[in-house]
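# only geometry, no sequence info:
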């Protein structure tokens, strides 16, 4: 809103269609994991609540990059089961 952009323009910047942006704004659908990196880049900040635990911090880190648990486990060089326990 601050930028005066239409949903179509926001969608173009993020790479999503206008219907997807509308669904997010109407709170009818949460963004899929793949959209988070582009959304955060577009916003310039992370609007999600601050993490309170190590597990929440790991989830926030992973989602901000659009990574699956498996991908984060590979990056940390740990078994995915170990990561899920954290």
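Done, it's in. The structure displayed is predicted, hence computed values, not measured ones. Residues are numbered from 1 along each chain as shown.
# contacts only, for the residue nearest the centre of the chain.
Nearest to the mean C-alpha position of the chain, by CA atoms, centre = their mean, lies residue 36 at 2.4 Å. When contacts are counted by CB atoms under 8 Å, 6 or more residues apart in numbering, residue 36 touches 63, 64, 65, 66. Heads up, the C-betas are built off the backbone N, CA and C, glycines and all.
# of those residues, buried ones?
Buried by 16 or more other CB atoms under 10 Å: 63, 66, out of those.
# now, among the contacts of residue 36, which is nearest to residue 17?
residue 66 (17.9 Å; CB to CB).
# contacting residues for that closest one?
Here residue 66 is in contact with 33, 34, 35, 36, 37 (criterion: CB under 8 Å, 6+ apart).
# just to revisit the earlier point, just the ones of the contacts of residue 36 in helices?
Per DSSP state H, helices hold the following members of the contacts of residue 36: 63, 64, 65.
# so what's the first one up against?
Residue 63 makes contacts with 33, 36, as judged by CB under 8 Å, 6+ apart.
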